[in-house]
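Engineer: Pasting the sequence and the predicted coordinates here, then a few questions.
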Amino acid sequence: MLIAVIGVASATPEEEAAAEAVGRLIAADGHILLCGGRGGVMAAASRGAAQAGGIVVGILPGSSPDEANPWVTVPIATGLGEARNAIIARAAHTLIAIGTGWGTLSEIALAVKMGKPVVALGAAPFLRDFAVGAVVWASSPEEAVRLAVARASV
């Protein structure tokens, strides 16, 4: 199963710790981590998955696979900029959002519009009112991965 981890490139230490744990749990469960392939939440989740021996697919905004973080196993350079968010949302069976930035919000909106399940971990509180019923909230990395797997559209 492809589980996307989406989140800000300029993550807080808490967001990075949560993302690394989520990435590790995804890989330990035998799933493939899909992400934007660069820094912050994406790098932390990639690092966690790689440490657990998992596969990490990075959907990159630029034209060079060299822009991927060092833990990406399969870099896909799209040359699409932020439009690559639609590829991530479409390709994932389920998504876990960690933190909330503009790019993350776009991925959440696209995923919800496409009928993909989204689990939020540490996302902005205003999102609760906006995404009633479309997004579920997790209180820990373990709960986020459990909910994502349970809600996956495979």
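Structural biologist: In hand now; what should we look at? Numbering: from 1, shown residues only.
Engineer: Show me which positions of stretch 48-60 end up buried.
Structural biologist: By neighbour count on 16 or more other Cβ atoms under 10 Å, the buried set for stretch 48-60 is 48-50, 52, 54-60. For every residue, glycine as well, the C-beta is placed using N, CA and C.
Engineer: what's the answer for stretch 109-123, then?
Structural biologist: Result for stretch 109-123 [16+ other Cβ under 10 Å]: buried residues 109-112, 116-123.
Engineer: likewise stretch 23-40?
Structural biologist: 23-27, 31-40.
Engineer: Filter those down to the ones in strands?
Structural biologist: 32-35 (DSSP state E).
Engineer: for those, which one is nearest Arg146?
Structural biologist: Nearest to Arg146 among those: Leu33, at 15.8 Å, using Cβ to Cβ.
Engineer: which residue packs closest to that closest one, ignoring adjacent ones?
Structural biologist: Closest residue to Leu33 apart from its sequence neighbours, by Cβ to Cβ, 6 or more residues apart in numbering: Ala49 at 4.2 Å.
Engineer: where along this structure do the helices fall?
Structural biologist: Counting by DSSP state H, the chain has these helices, from start to end: 13-28, 41-51, 84-91, 102-113, 126-130, 141-151.
Engineer: All set, thanks.
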